[in-house]
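Asks: predicted structure and sequence below. I'll ask about it afterward.
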Amino acid sequence: MYYFDPGKLTLKEGQWCIVETARGKECGEVVYGNHAVNDSEVVTPLKPVIRVADSADIKKMQTLQQKEQRAFDICNRKIEKLGLEMTVVEVEYTFDESKILFYFTADGRVDFRELVKELATMLHTRIELRQIGVRDECKMKGGMGMCGRPFCCHSFMSDFHPVSIKMAKEQGLSLNPVKISGACGRLMCCLSYEQECYEALNRRLPRVGALIKTPNGNAVVTEVNTLKQTVRATITQKDGTVTSDLYSAEDVKVLKNGRGGREQLQEQQALPETD
């Protein structure tokens, strides 16, 4: 999704229009009508909307889609003939047909100079090949995530955000790669959506293994519930009896945060009683 300057035109959602882009003229679908946008959300200077697309433009788009499919098939045959280790993901014609862009994935660098020559000979126009990553491939192709919704990157995300395994740990998720990875094989983008909230909530809670003071005495944290803001802690009596209770984060005080709380509690219990 990109922002354009509509000028004097009034555009509605669902309309098609011709716009000026860095690659030349393109035909795009309006997803938001005329509205004000914060300067921080746009890249200036804004490219203009040239005109509303007419029936001839729509027909040309359909023709270009057929040409793109033909170019896709030709490229795959040439790749197989030349024995190149690359996979074509998508083919795009510019609206003025001055250039064809081939997007592909590959494990490493690929010498595609011979491929470009053969494609130019067959298609009689400028050829540009762009290598993309697996996340970009999913963004282009689209699909359904394990949540049952369309891929975020394909439906609304304009840029990829950094995602780390630390986010899964902070949110108490399973570290099984199958459960926290998307169709692209990378960590799911949605791990970053609630990270800021989890970080704020976790700052109010002791860690597992911490020594805390509870209404029932000193105890060791065995489990935390970030969203409910509760902790489960065990108290080991001198006679060896172990009790486990649930406490609100507001009702406990951290004596030693982190691992080692159980050892410290045992040391405290081993001290001789004094009057």
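Replies: Structure's in. What do you need?
Asks: count of residues packed around the closest residue to residue 254 other than its chain neighbours?
Replies: Among residues not flanking residue 254 along the chain, residue 206 sits closest, at 4.7 Å (CB to CB, 6 or more residues apart in numbering). Quick note: C-beta positions are derived from backbone N, CA and C, even for glycine. Look at residue 206: counted by other CB atoms under 10 Å, it has 24 neighbours.
Asks: isn't residue 206 up against residue 226?
Replies: No: Residue 206 is not in contact with residue 226 according to CB atoms under 8 Å; the separation is 11.8 Å.
Asks: could you give me the buried positions within the helix ranked longest in the chain?
Replies: What stands out as the longest helix in the chain, according to DSSP state H, is helix 55-82. Within helix 55-82, the residues scored as buried using 16 or more other CB atoms under 10 Å are 57, 60, 64, 68, 71, 74-75, 78-79.
Asks: any chance of TSV for the residues you listed, columns distance to residue 113 and pLDDT?
Replies: Output for the buried residues of helix 55-82, formatted as TSV (distance: CB to CB, whole Å; pLDDT from 0 to 100):
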residue	distance to residue 113	pLDDT
57	35	92
60	31	92
64	26	93
68	23	94
71	18	95
74	17	95
75	14	95
78	12	95
79	13	95
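Asks: how long is stretch 76-88 end to end?
Replies: The first and final residues of stretch 76-88 sit 7 Å from each other (CA to CA, to the nearest Å).
Asks: contact partners of it?
Replies: 72, 75, 102-108, 110-112, 114-115, 118-119, 122, 131 (CB atoms under 8 Å, 6 or more residues apart in numbering).
Asks: how about a cut-off of 6 Å?
Replies: 75, 102, 104-106, 110, 114-115, 118 (CB atoms under 6 Å, 6 or more residues apart in numbering).
Asks: of those, which is the nearest to residue 26?
Replies: For those, the residue nearest residue 26 by CB to CB is residue 102; the value is 17.0 Å.
Asks: now for the host helix or strand of that closest one, which elements pack on it?
Replies: Assigned by DSSP states H and E, residue 102 belongs to strand 99-105. Here strand 99-105 is seen to pack against strand 87-93, strand 126-131 when contacts are counted using 3 or more CB pairs under 6 Å, 6 or more residues apart in numbering; DSSP states H and E.
Asks: residues near residue 218, how many?
Replies: By the criterion of other CB under 10 Å, residue 218 has 19 neighbours.
Asks: domain parsing for this structure?
Replies: Here the domain parsing of the chain from automatic domain parsing is 16-53, 59-132, 137-199, 211-270.
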